[in-house]
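1. Structure, please.
(one chain, ligands or ions: 1)
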Amino acid sequence: MRGQNPGLGNLNGDEWYRLRSAVQQIMMRPQAVYAYLPFTNQVTQSLINHIKNETQRDGQVDMRRVAGRWSLESAGNTVFEKRLGALGDNIKWADRLVDVNKEIFQLSARMKFGFPFYRYFKMPQWKRMIELEDTFYAEADKLMDEAIEKLQSKENPENLLFASCLINKPELNKRDIKVIMLSLFADGLSTTAPMFVYNLFNIAIHKDIQERLRKEINEAVGKDEAIDVAHLQKMPLLRACVKETFRFFPIGTEISRIPTKDVVLSGYLVPAGTPIDINTNVLMTSPKFFSDPLKFKPERWLRENEKKEQAHPFAILPFGFGPRMCAGDF
Ligand code: HEM
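-> Sure, this is the predicted structure:
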């Protein structure tokens, strides 16, 4: 998709504002998150079956692979309202797409921090990037076209899920819809899969926490019961573990801004137009803000814990902050 818009995360100014506002309006609807729970439960059930099948077949499971497939399946649900079969009959296709997406993110980080030779010469890295993006976007494009055709509806937008609501917004044209869909699809893949693995890793190596968590979940949710919002509210330790994993292994370690006016930061004058990167990893593991910062301690987030830490609100920003914060934080 050469010549296309660079995506929500790379746009700036009025064009970014117009598209981001559309996403925001849809997400602000009260049903925006909860309407997905039944679908999330279905994907979770497929994940459990998939893990069981893989274990029976190979005696073990490569959770990094499985997490990629799960993330793709979940993204398909949210962004295209479609089951993609990433945990079932479409595994090969899913693995390839996840690998391509991962390489795009790795390569763009290397290109961002290296000297930009690619601006002057067609370097091998650049050619590889074009190849990868063409592959990823060709697949995404098929999914987007199919969704746009299938989800056109005359229903009241209030009753629609995210993708349907987006597709039926009269103020957005097809190109706008595709920019948003593609950003949500690609950005979601590269973040949720590693976070899922980090969460499992932390729970796996802390057996005591694992036991407490198992007890909390068993008490909150009956056997074979589908999880709903009320259940989630009865699982504070689970929430604390997820938050602590965000602190411990932050994935979005880079929050970037380009100020439009001169600003003074910690006594330094930063002229307008200067790129600023905030590495939140430094804040989230700083002893200035957290006791035992290199220890996985979910209880630091529990309200009933007398020693609950009063973390500085800006010391933990896994999804960034402000109008440009993560569009997937819903
Ligand atoms: C564990 C999950 C995730 C983490 C930790 C994460 C983290 C982040 C961070 C730190 C930013 C930059 C925010 C800022 O500059 O203030 C960001 C931006 C973004 N994220 Fe996520 N993200 C996650 C999942 C997702 C998902 C599931 C989606 C899509 C459904 C998504 C879509 C985006 C988009 C589109 C942006 C750019 C927003 C803009 O510039 O307007 N992210 N994310």
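2. So the residue of the stretch 151-300 of the chain found nearest the ligand versus D277, what's the distance?
-> Nearest residue of the stretch 151-300 of the chain to the ligand (C-beta to the nearest ligand atom) works out as G252 at 2.5 Å. Bear in mind the C-beta positions are built from the backbone N, C-alpha and C, glycine included. In this view, G252 and D277 are 12 Å apart by C-beta to C-beta, to the nearest Å.
3. Looking at those two, which is more packed in?
-> G252 (18 against 10; other C-beta atoms under 10 Å).
4. pretty sure the more buried one contacts C326?
-> Yes. Counting by C-beta atoms under 8 Å, G252 does reach C326; the two are 6.7 Å apart.
5. shared neighbours of the two, which are they?
-> F319, G320 (C-beta atoms under 8 Å, 6 or more residues apart in numbering).
6. The closest residue to I104 other than its chain neighbours: how many residues sit nearby?
-> Spatial nearest neighbour of I104, chain neighbours left out: L132 (5.1 Å); criterion: C-beta to C-beta, 6 or more residues apart in numbering. L132 has 20 neighbours, counted by other C-beta under 10 Å.
7. Quick check: L132 vs the ligand, distance?
-> 19 Å (C-beta to the nearest ligand atom, to the nearest Å).
8. Close to the ligand: what parts of the stretch 151-300 of the chain are there?
-> Residues of the stretch 151-300 of the chain that fall close to the ligand, judged by C-beta under 6 Å from any ligand atom: S183, L184, D187, G188, T191, T192, M195, I251, G252, I255.
9. Any chance of these in JSON lines with secondary structure, distance to L237 and pLDDT as columns?
-> Below are those laid out as JSON lines (DSSP: H, G, I helix; E, B strand; the rest coil; distance: C-beta to C-beta, whole Å; pLDDT from 0 to 100):
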{"residue": "S183", "secondary structure": "helix", "distance to L237": "33", "pLDDT": "89"}
{"residue": "L184", "secondary structure": "helix", "distance to L237": "30", "pLDDT": "88"}
{"residue": "D187", "secondary structure": "helix", "distance to L237": "29", "pLDDT": "84"}
{"residue": "G188", "secondary structure": "helix", "distance to L237": "26", "pLDDT": "82"}
{"residue": "T191", "secondary structure": "helix", "distance to L237": "23", "pLDDT": "89"}
{"residue": "T192", "secondary structure": "helix", "distance to L237": "21", "pLDDT": "91"}
{"residue": "M195", "secondary structure": "helix", "distance to L237": "18", "pLDDT": "94"}
{"residue": "I251", "secondary structure": "coil", "distance to L237": "22", "pLDDT": "83"}
{"residue": "G252", "secondary structure": "coil", "distance to L237": "24", "pLDDT": "72"}
{"residue": "I255", "secondary structure": "strand", "distance to L237": "28", "pLDDT": "86"}
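10. ok but M129 is inside a strand, no?
-> No. Counting by DSSP: H, G, I helix; E, B strand; the rest coil, one finds M129 to be helix, located in no strand.
11. That one reaches F105, doesn't it?
-> No. The criterion here is C-beta under 8 Å, and M129 misses it with F105 at 10.9 Å.
12. Of these two, give the one with the bigger neighbour count.
-> More neighbours surround M129 than the other of M129 and F105, with 18 against 14 (other C-beta under 10 Å).
13. contacting residues around the more buried one?
-> Contacts of M129 by C-beta under 8 Å, 6+ apart are I104, L107, S108, M111.
14. how does it look with 7 Å?
-> M129 sits next to L107 when contact means C-beta atoms under 7 Å, 6 or more residues apart in numbering.
15. One more: Y118?
-> Neighbour list for Y118: M111, Q125, W126 [criterion: C-beta under 7 Å, 6+ apart].
16. What of Q152?
-> Counting by C-beta under 7 Å, 6+ apart, Q152 touches I167, N168.
17. now the end-to-end length of stretch 315-326.
-> The straight-line separation of the ends of stretch 315-326 (C-alpha to C-alpha, to the nearest Å) is 16 Å.
18. Revised request: answer the last question for stretch 79-90.
-> Using C-alpha to C-alpha, the end-to-end distance of stretch 79-90 comes out at 18 Å.
19. Flag every buried residue along that stretch.
-> Neighbour-count burial for stretch 79-90 flags V79, F80, E81, R83, L84, G85, A86, L87, N90 (criterion: 16 or more other C-beta atoms under 10 Å).
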